[in-house]
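Asks: only the shape, not the letters, is given here:
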């Protein structure tokens, strides 16, 4: 990784484990993975559609709409109170096991930031509940440009906030579409492929691939 | 439907039955529906991502990439020759049973057009193989603005080509996201909900919903 001056991380699935969201779904369905999969797919789909239509609503709204659609599509009955509880899981997420140690190792040497689709309130809650706040210089949200990844206007928040050229920023994400969007924008990109999934076929590939975030400081000899 | 001056139809899933594409997949998997579902989901996802990144490739390219990803994700082996054959199914699609009669009834009274994500070559092939060419005044492709639905720049092709105000155009689609995009743009919108699926939760609803296209001339007393 030549001449890296800062690390910028995606949030959901990259730093924060959304498994607790799946667990919360268990009370209304015997197949919480199916509900969680449908919910997540629609959550992303709605961000892309809203960005393309120029009709931004924040990620809390989008996440709620996606959940309501997923319940309807899978014909799962849930009370408003249950819906609120599933949503609340997003406000008390835990980080993946290696994340805290990784950021702790990196942060004396590099400015660290989050760049996420999440709304500021959702991100602040997750950063607090996961205990990552001491290591982060910036928590950047799409709520500033009011569009969604992979719109280049989102990625452009990071070089602006950090005062660095985009080529000197390493962007880290577990989400294939985000990896591709960030690379298309011009970051150096690390794909944290936790799920050992195939990369999307868009003719754009990350600079580095790891299975866990602690491989990053190791690769840097830290 | 007040003051309609023209009908504009989405192509895939609305006029053209893509079931033959599913049938073609049967030779490599015992679950062709799963392959077809993954293929279609990725096909749409790649259009949204490419539109958002400003990295247009035409629908033939996107469809091929989506198929290759779907095969990889589902761990299905297919030769290049088989991939080509599945793709070729898009060039000889049939219309749904009621489509030809519906367009025949409407076309003496209204200008009719297609507005589709398809590339011009794909659309010409499907229009010819389905025998719909005598009824269509325009076959409009996203390949002109080089972006994808639901970008308003796509929908704007229709009022321009027809020389009509968008409020006087009825846009007909089976695809929920397309219905929402078209309504957000300002058309009158008919959702042809063949699958009896729930509508996506984006706070935007169609003006009319039908289960088959021949309900449209019936509603107009034709």
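Replies: Everything's here; your move. All figures in this text were calculated on a predicted structure; none of them were measured in a lab. Numbers count the residues shown, from 1 in each chain, chains lettered A, B, ... in the order given.
Asks: so who does residue A:126 touch?
Replies: With C-beta atoms under 8 Å, 6 or more residues apart in numbering or on different chains as the criterion, the residues that contact residue A:126 are A:11, A:16, A:90-93, A:118. Where you see a C-beta, it was placed from the backbone N, CA and C, and this is true even at glycine.
Asks: from the contact counts, what lies against the lowest-mean-pLDDT helix or strand in chain A?
Replies: Least confident helix or strand, chain A: helix A:19-25 with a mean of 83, by mean pLDDT, DSSP states H and E. On a contact count with 3 or more C-beta pairs under 8 Å, 6 or more residues apart in numbering or on different chains; DSSP states H and E, helix A:19-25 meets helix A:32-53, helix A:80-88.
Asks: which strands and helices lie in contact with the last one?
Replies: Think helix A:80-88. In terms of contacts (3+ C-beta pairs under 8 Å, 6+ apart), helix A:80-88 is packed against helix A:19-25, helix A:59-73.
Asks: restricted to strands, list the contacts of residue A:126.
Replies: Residues of these located in strands (DSSP state E): residue A:16.
Asks: and the buried ones among the contacts of residue A:126, selectable in PyMOL?
Replies: Filtering the contacts of residue A:126 down to the buried ones (16 or more other C-beta atoms under 10 Å in any protein chain shown) takes a single PyMOL command:
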select buried, chain A and resi 11+16+90+93+118
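Asks: out of everything not next to it in sequence, what's closest to residue A:177?
Replies: Excluding the flanking residues, the one nearest residue A:177 by C-beta to C-beta, 6 or more residues apart in numbering or on different chains is residue B:49, at 5.6 Å.
Asks: equivalent analysis for residue A:96, please.
Replies: residue A:17 (5.1 Å).
Asks: and residue A:189, how many neighbours does it have?
Replies: With neighbours defined by other C-beta atoms under 10 Å in any protein chain shown, the count for residue A:189 comes to 24.
Asks: kindly report the same for residue A:193.
Replies: By the other C-beta under 10 Å criterion, the neighbourhood of residue A:193 contains 18 residues.
Asks: residue A:203 too?
Replies: There are 11 residues near residue A:203, going by other C-beta under 10 Å.
Asks: give the contact list for it.
Replies: Residue A:203 neighbours (C-beta under 8 Å, 6+ apart): residue B:65.
Asks: for the residue nearest to residue A:96, list each beta-bridge partner.
Replies: Counting by DSSP bridges, residue A:17 is bridged to residue A:94.
Asks: show me the contacts for the closest residue to residue A:103 other than its chain neighbours.
Replies: Spatial nearest neighbour of residue A:103, chain neighbours left out: residue A:135 (3.9 Å); criterion: C-beta to C-beta, 6+ apart. Contacts of residue A:135 were listed using C-beta under 8 Å, 6+ apart, and they are A:100, A:103-104, A:106-107, A:112.
Asks: what's the average pLDDT for stretch A:72-87?
Replies: Mean pLDDT, stretch A:72-87: 95.
Asks: which pLDDT value goes with residue A:1?
Replies: pLDDT, residue A:1: 65.
Asks: same thing with the one 5 residues further on?
Replies: Reported pLDDT at residue A:6 in the predicted model: 98.
Asks: before we move on, what about the one 10 residues further on?
Replies: Residue A:16 is assigned a predicted lDDT (pLDDT) of 96.
Asks: from residue A:68, how far off is residue A:114?
Replies: Separation of residue A:114 from residue A:68 (C-beta to C-beta, to the nearest Å) stands at 27 Å.
Asks: between the two, which one's more packed in?
Replies: residue A:114 (23 against 17).
Asks: once you drop chain neighbours, what's closest to that one?
Replies: Using C-beta to C-beta, 6+ apart and skipping the chain neighbours, the partner closest in space to residue A:114 is residue A:139 (4.8 Å).
Asks: isn't there a helix covering the one you found?
Replies: No: with DSSP: H, G, I helix; E, B strand; the rest coil as the criterion, residue A:139 is assigned strand and is not in a helix.
Asks: tell me how many other residues crowd it.
Replies: Other residues lying near residue A:139 total 19 when counted by other C-beta under 10 Å.
Asks: again, but for residue A:27
Replies: The burial count for residue A:27: 11, using other C-beta under 10 Å.
Asks: now it, what are its backbone angles?
Replies: phi -70, psi -10 (degrees, to the nearest 10).
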